[in-house]
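*Asks:* predicted structure and sequence below. I'll ask about it afterward.
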Amino acid sequence: ELNLSEVLNSLDRFVPIERNSPVEALVSIGAAVRAADNMTDVLSVIADQAKKALSATSISIGRLDHDEQTLDILVTSGSGSERFPVAESLQEGDRPGLGRLLGGQGFVRSIDETRADDPGTISLHRRGLRSEAAWPIIIGDSIWGVAWATSSADASMLDHDDLATLRLVSTHVAAAVVQAERIAEFEELALRDPLTGIGNRRVLDQHLTQIFDRAPIDRQDVALIMCDVDGLKAVNDANGHAAGDDLLIHAAQSLTAAARALTGSTVCRIGGDEFCVILDGGGTLSAEPVAAGAQKLFGDSGPGRSLSYGVALATTNIATPGALLRAADEAQYEEKRRRKGTSRLGDLPSIAARRRSRRGD
């Protein structure tokens with residue numbers, strides 16, 4: 001499998017791009033886009049290949065802000081240009097013709113010395129350009145953005161053939177944006193518990209891995225709350241799984257509400273009736289109040305509802321995510337034993353059995 005740089009190198013060797021050659025531009029851009037890993041790479045690839053195809057001085061791809069009627073530049077390919085402008089937002093006064101693009105029409109223009117007062121000519125002179133061309137990027141029935149090409153005063157003049165190529169470029173950008181949004185949507189779904197809408201076990205594992213990649217001293221204020229819904233099986237047996245699902249949804253809402261004020265909080269359902277809350281920062285002081293607050297909110301959501309929870313801190317003697325999970329699991333188990341009384345300890349599943357159940361063993 002070729003990586004992005006290998007694809008681009010092979011394109012330069014085997015697919016020579018000539019100016020005003022829309023077919024070659026389409027082939028090269030399509031191949032390069034398929035090799036890109038993310039939206040930033042995709043837009044960069046398209047801008048670079050379009051610049052070659054047009055022999056342009058620069059190619060910019062921007063997204064339209066319909067509320068502000070401005071164009072926010074996302075990426076630019078061209079010598080002397082900032083690759084990813086941090087805050088380049090263009091208005092009609094900055095680029096005459098932007099209003100036309102908002103209406104779904106492209107344009108190409110060059111300096112016309114016979115019309116010195118023409119806004120387009122004035123703008124080109126001011127920016128040291130000989131010509132420019134632009135085409136809207138259309139997704140569905142709306143204008144998503146613009147592909148904008150320029151040629152400097154000493155470069156070849158862009159013409160209507162270049163505009164045709166730029167139209168193909170815009171089509172590729174539109175397709176890439178749609179594909180990226182679909183991928184992002186699927187990735188989002190893959191990280192969410194379908195019933196409650198909060199994070200799933202994958203989210204928990206990812207966050208804990210990131211936390212334990214840090215030095216031990218930098219994670220000492222991390223806390224993990226593990227909790228489960230008391231009596232879920234009895235509710236399912238007596239009233240059906242719809243009633244049990246309602247319990248789980250309210251538990252997720254209670255945990256989320258209790259942790260909402262903490263910016264480093266992540267709430268996850270990790271299987272069955274079990275939930276985890278990561279407090280990344282402020283956990284030492286906040287973990288117990290968050291857990292107690294969630295317990296109260298859940299209890300207030302319906303008669304007989306309660307949560308059991310345990311808290312573990314990522315102290316220096318906790319070396320791995322698994323160790324932190326085990327510590328929280330054991331704290332929760334001890335809390336259940338305390339509430340039920342030691343004489344009824346046999347009614348509780350062992351920690352090992354709980355782990356096997358969670359894994360599906």
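*Replies:* Perfect, I can see it now. Everything numeric here is computed off the predicted structure, so don't read it as measured data.
*Asks:* would you mind listing the buried residues in stretch 252-264?
*Replies:* Of all the residues in stretch 252-264, those buried under the rule 16 or more other Cβ atoms under 10 Å are A252, Q253, S254, L255, T256, A258, A259, L262, G264. Every C-beta, even on glycine, is put in place using the N, C-alpha and C of the backbone.
*Asks:* now the residues you listed as TSV including pLDDT?
*Replies:* Below are these laid out as TSV (pLDDT from 0 to 100):
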residue	pLDDT
A252	95
Q253	95
S254	95
L255	96
T256	95
A258	95
A259	94
L262	89
G264	87
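*Asks:* and those residues, which is closest to D273?
*Replies:* Nearest to D273 among the buried residues of stretch 252-264: A252, at 11.0 Å, using Cβ to Cβ.
*Asks:* could you dump the buried residues of stretch 252-264 into TSV and include distance to G145 and secondary structure?
*Replies:* Shown next, in TSV, are these (distance: Cβ to Cβ, whole Å; DSSP: H, G, I helix; E, B strand; the rest coil):
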residue	distance to G145	secondary structure
A252	37	helix
Q253	38	helix
S254	42	helix
L255	39	helix
T256	35	helix
A258	41	helix
A259	37	helix
L262	37	coil
G264	34	coil
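*Asks:* can I get those in CSV with distance to A243?
*Replies:* Listed next are the buried residues of stretch 252-264 as CSV, based on distance: Cβ to Cβ, whole Å:
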residue, distance to A243
A252, 15
Q253, 16
S254, 17
L255, 19
T256, 21
A258, 23
A259, 25
L262, 31
G264, 34
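*Asks:* which one of those residues is nearest G310?
*Replies:* L255 (13.8 Å).
*Asks:* OK, contacts around that closest one?
*Replies:* I198, C227, V267, F275, V277, A294 (Cβ atoms under 8 Å, 6 or more residues apart in numbering).
*Asks:* which intervals of the stretch 1-150 of the chain have sub-threshold pLDDT?
*Replies:* Within the stretch 1-150 of the chain, the ranges that satisfy pLDDT under 70 run 1-38, 79-80, 86-87, 92-94.
*Asks:* and the helices in it?
*Replies:* Using DSSP state H, counting those that start in this stretch, the helices of the stretch 1-150 of the chain run over residues 4-14, 22-35, 39-54, 98-102, 119-126.
*Asks:* what residues sit buried inside the longest one?
*Replies:* Just to be clear, that refers to helix 39-54. 39, 41-54.
*Asks:* out of those, flag the one nearest to A242.
*Replies:* Minimum distance to A242 across these is 40.0 Å, recorded for M39 (Cβ to Cβ).
*Asks:* quick one: the closest one and V173 touch, right?
*Replies:* No: at 10.3 Å, M39 does not count as touching V173 under the criterion of Cβ atoms under 8 Å.
*Asks:* shared neighbours of these two, anything?
*Replies:* By Cβ under 8 Å, 6+ apart, no residue touches both M39 and V173.
*Asks:* related to what we said a few turns ago, relative to G304, which of the buried residues of stretch 252-264 is nearest.
*Replies:* Among those, and counting by Cβ to Cβ, the member closest to G304 is S254, at 14.6 Å.
*Asks:* can you tell me how far the closest one is from S110?
*Replies:* To S110, S254 is 65 Å away according to Cβ to Cβ, to the nearest Å.
*Asks:* cool, Q220 as well?
*Replies:* Where S110 is concerned, Q220 sits at a distance of 64 Å (Cβ to Cβ).
*Asks:* ditto for A53
*Replies:* 19 Å.
*Asks:* surely A287 meets A314?
*Replies:* No: when contacts are counted by Cβ under 8 Å, A287 is not listed as touching A314 (10.8 Å).
*Asks:* these two - which one has more neighbours?
*Replies:* Shown here are A287 and A314; by other Cβ atoms under 10 Å, A314 has more neighbours (28 against 23).
*Asks:* the stretch 201-350 of the chain: strands as residue ranges?
*Replies:* Here the stretch 201-350 of the chain has its strands, by DSSP state E, counting those that start in this stretch, at 222-229, 265-271, 274-280, 307-313.
*Asks:* turn those into a markdown table, columns for mean pLDDT and mean neighbour count.
*Replies:* Output for these, formatted as a markdown table (pLDDT from 0 to 100; neighbours: other Cβ atoms under 10 Å):
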| stretch | mean pLDDT | mean neighbour count |
| --- | --- | --- |
| strand 222-229 | 95 | 26 |
| strand 265-271 | 92 | 22 |
| strand 274-280 | 95 | 25 |
| strand 307-313 | 94 | 21 |
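*Asks:* surely T209 is in contact with P321?
*Replies:* Yes: T209 is in contact with P321 according to Cβ under 8 Å; the separation is 6.3 Å.
*Asks:* comparing these two, which shows the higher neighbour count?
*Replies:* Neighbours around T209 and P321, counted as other Cβ under 10 Å, are more numerous at P321. The numbers are 18 against 11.
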